[in-house]
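Could you look at this predicted model? Sequence included:
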Amino acid sequence: MFSPYHEVIEQFHRPKVLVVGDIIMDSYLAGTSTRLSPEAPVPVVAISSQNDVIGGAGNIAINLKSLGAEVVFLSAVGHDENGDKATRLLRRCGIETAVFQDSSRKTMVKTRVTSDGQILARFDYGSECAVTGETEQEIVNYLICNYEYFDIIMLGDYYRGILTDKVIDAIQKLQQRFQKFLAIDSKDLKAFKSTRPTLVKPNYLEATRLLQLPVRKTDRVGQISSKGKVLYQKTGAKIIALTLDYDGAVIFTEGHLIYQSIAYPVAAPNVVGAGDTFISAYILALYAGAAIPSATELSTAASAIAVQKEGTASCSNMELGAFFSIRHKLVSELEELKKLREIYVAQGKKVVFTNGCFDILHSGHISYLNKSKEFGDVLIVAVNDDESIKRVKGPDRPINSLADRMEVLSGLSSVDHIISFGENGIDLPVELIKEIRPHVFTKGGNYSIETLPEASAVQEVGGKIEFVPFIPEHSTTLIIHKIKKGNSFKIGI
């Protein structure tokens, strides 16, 4: 029941990725501001919380890990508290680290002061110069010893602190020997041309600097879409994914414009780290065998998920799968449906759950589902699989296969998601109810609390039970009986 996107997302766990690049600590000081300072016309912010997260190439590593890949992060930090904290945060995310301490450096920290979600100021502290020769050699030695064991090499260059000329030269030579999938996100892509990267991801401002073009606010796609050959000459990259934030992305292969994506509309997006999410999803999708259009749409969706969150954020494998499930209705995995439920609850929506065979869809079914949807915002329908129906209804049922029944249900506007059940001799959706925890469970009016098999499970999870009256003389059994007798009848739709 997976869409092609789900099939790609399932493969994200396969590659082992080495991320090499600058590490930045993003610190968010959140508070409220109700007055201006008497010393100067600036707001006074009463800080109520501090949240420290990983930025820079470290955020790429976290995104890759969240999407399912096995990740090792290679970098250097200062011999200071912020460097230790950055390393701990990465390891806490399940990322293996090869992070060297350089006593000549101060770990880069970007502190943002926010009030009611609005950034009022940013303070940057730390070293943007290159690492010392000793640390540089440690990075090169690690690459020489371990390069061949990775499937993907991801370079995240923010200020040339880690990816020095010597490190780039080592990567070029290793690429000639091992030919890995090499992806690069850098403010200076020309510096990496010699490595002949598989993929680069400039944003609009980086591309205009590279092409020496004026920065526009309108028709940016038109301005940039004819520049593929020049970008190819300057970067040497087989694939160029040029991100344009609210204008989506344009993709070139060997200088030719191949695809353009449209950004998903997001109210008040937080774009910090959105490019990290995009390139993380992109390289995993391409490595999984996705065509460029599919990889682009997956990455655009992942970015849309990340920018809806506060601060520097990532997109998880489950969130990305749920994003496409919302649009495709058919859900195969319970874990995915649980994630959908979490998303809806976070949005303040009420989840309604019902179940049935829905063998030959008729007006009684449609009326029942429409009325069920009225009890909440989201209707999830669990459908008995074919073997379950045979156990419940007899060997001549179902008339229509599970795939056909689910496909027909997916065409109803009242139905938001559909999942099947019945494996291992289970004919009641009790486990689904316990896991999904619906706010409302609906059942036909021929039941009561006393005769409803699912009642205890619904009550256990705090759900409410609603009974929907049946329309008289509307049932699949009656329709089949009339067909067998050869009588004429009318099926409502």
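On my side now, so go ahead. Residues are numbered from 1 along each chain as shown.

can we go C-alpha only for contacts and neighbour counts from here?
Will do.

Before we move on, what's the pLDDT of residue 476?
Per-residue pLDDT puts residue 476 at 56.

do residue 466 as well
Model confidence at residue 466, given as pLDDT, is 94.

That one is in what secondary structure piece?
Taking DSSP states H and E as the definition, residue 466 sits inside strand 464-468.

Sort out which residues of that strand are buried, please.
Within strand 464-468, the residues scored as buried using 16 or more other C-alpha atoms under 10 Å are 465, 466, 467, 468.

quick one: strands adjacent to it?
If you go by DSSP bridges, strand 464-468 pairs up with strand 440-444 (parallel).

So what touches the partner strand?
If you take C-alpha atoms under 8 Å, 6 or more residues apart in numbering as the criterion, strand 440-444 is touched by 350-355, 368, 372, 375-376, 458, 463-470.

Filter those down to the buried ones and hand me the ChimeraX line.
Buried members of the contacts of strand 440-444, defined by 16+ other C-alpha under 10 Å, are picked up in ChimeraX with:
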select :350,351,352,353,354,355,368,372,375,458,463,465,466,467,468,470
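
Look up how far residue 83 lies from the spatially closest residue to residue 280 that is not a sequence neighbour.
Excluding its sequence neighbours, the residue lying closest to residue 280 (C-alpha to C-alpha, 6 or more residues apart in numbering) is residue 64, at 5.4 Å. From residue 64 over to residue 83 the distance is 21 Å, taken as C-alpha to C-alpha, to the nearest Å.

Also residue 285?
Counting by C-alpha to C-alpha - residue 285 and residue 83 are separated by 32 Å.

Same question for residue 235.
For residue 235, the distance to residue 83 (C-alpha to C-alpha) stands at 32 Å.

Check residue 223 too.
Distance, residue 223 to residue 83, by C-alpha to C-alpha: 41 Å.

for the stretch 201-350 of the chain, what spans make up the strands?
239-243, 249-253, 256-261 (DSSP state E, counting those that start in this stretch).

Pick the most buried one from these.
Most buried of those by mean neighbour count (mean count of other C-alpha atoms under 10 Å) is strand 239-243; its value is a mean of 26.

Packing partners of the longest helix seen in the chain?
Longest helix of the chain, by residue count under DSSP state H: helix 292-307. Judged by 3 or more C-alpha pairs under 8 Å, 6 or more residues apart in numbering; DSSP states H and E, helix 292-307 is in contact with strand 256-261, helix 274-287, helix 317-328.

Name the stretch among these that sits most buried.
Of the helices and strands packed on helix 292-307, helix 274-287 is the most buried (mean count of other C-alpha under 10 Å), at a mean of 26.

Contacts for that one, please.
Outside helix 274-287, the residues that touch it by C-alpha under 8 Å, 6+ apart are 8-9, 12, 15, 57, 59-60, 63-64, 67, 69, 181, 183, 185, 199, 201, 203, 243, 292, 294-296, 298-300, 302-303, 306-307, 313-315.

mind listing what residue 159 touches?
Residue 159 touches 22, 128, 129, 187, counting by C-alpha under 8 Å, 6+ apart.

who's in contact with residue 383?
Residues in contact with residue 383, defined by C-alpha under 8 Å, 6+ apart, are 355, 356, 357, 358, 402, 406, 418, 419, 420, 421.

Residue 239 versus the third one, what's the distance?
To residue 239, residue 357 is 48 Å away according to C-alpha to C-alpha.

Repeat that for the fifth one.
When distance is defined by C-alpha to C-alpha, residue 402 is 41 Å away from residue 239.

Kindly report the same for the fourth one.
Separation of residue 358 from residue 239 (C-alpha to C-alpha) stands at 47 Å.

try the last one
According to C-alpha to C-alpha, residue 421 stands 43 Å off from residue 239.

quick one: low-confidence ranges for this structure?
Low-confidence segments of the chain, defined by pLDDT under 70: 1-3, 267-268, 270-271, 311, 326-327, 471-493.

Let's check: the centremost residue of it is which one?
Nearest to the geometric centre of the chain sits residue 320, at 3.2 Å (C-alpha atoms, centre = their mean).

Show me what the helix or strand residue 457 falls within is packed up against.
Under the criterion of DSSP H and E, residue 457 resides in helix 455-460. Applying 3+ C-alpha pairs under 8 Å, 6+ apart, we find helix 455-460 packed against helix 430-436, strand 464-468.

would you turn these into CSV with distance to residue 256?
Formatted as CSV, the helices and strands packed on helix 455-460 follow (distance: least, C-alpha to C-alpha, whole Å):
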stretch, distance to residue 256
helix 430-436, 47
strand 464-468, 57
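
if we can go back for a sec, can you tell me which of the contacts of residue 383 is nearest residue 230?
Among the contacts of residue 383, residue 418 lies closest to residue 230 (C-alpha to C-alpha), at 48.2 Å.

Next up, identify which helix or strand that closest one is on.
Using DSSP H and E, residue 418 falls within strand 417-421.

Would you mind writing the CA trace of that strand as PDB?
The C-alpha trace of strand 417-421 is given here as PDB (Å, rounded to 0.1, in the frame of the first residue of the first chain):
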ATOM      1  CA  HIS A 417      -6.800   7.300   6.200                       C
ATOM      2  CA  ILE A 418      -7.300   3.600   5.700                       C
ATOM      3  CA  ILE A 419      -5.400   0.700   7.200                       C
ATOM      4  CA  SER A 420      -6.100  -3.100   7.100                       C
ATOM      5  CA  PHE A 421      -6.200  -5.600   9.900                       C
END
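
quick one: contacts of it?
Residues outside strand 417-421 that contact it (C-alpha under 8 Å, 6+ apart): 325-326, 329-333, 379-385, 402, 406, 409-410, 427, 429.

if I read this right, residue 360 contacts residue 400, doesn't it?
Yes: using C-alpha atoms under 8 Å as the test, residue 360 is close enough to residue 400 to be in contact (7.0 Å).

what sits against residue 300?
Contact analysis of residue 300 by C-alpha under 8 Å, 6+ apart lists 248, 249, 261, 262, 263, 264, 278.

try 10 Å this time
Counting by C-alpha atoms under 10 Å, 6 or more residues apart in numbering, residue 300 touches 243, 245, 248-249, 261-264, 274-275, 277-279, 281-282, 294.

Same question for residue 186.
Contact partners of residue 186, counting by C-alpha under 10 Å, 6+ apart, are 21, 57, 155-160, 163, 192, 200-203, 206.

at 8 Å what do you get?
Going by C-alpha under 8 Å, 6+ apart, residue 186 touches 155, 156, 157, 158, 201, 202.

neighbours around the second one, how many?
Right, residue 156. Residues contacting residue 156 under the criterion other C-alpha atoms under 10 Å number 26.

Report the secondary structure state of it.
Here residue 156 is strand, with the state taken from DSSP: H, G, I helix; E, B strand; the rest coil.

what about it, distance to residue 373?
47 Å.

go on, the last one?
The span separating residue 202 from residue 373 equals 45 Å under the rule C-alpha to C-alpha.

Give me the contacts around the strand holding residue 466.
368, 371-372, 439-445, 447-448, 455, 458.
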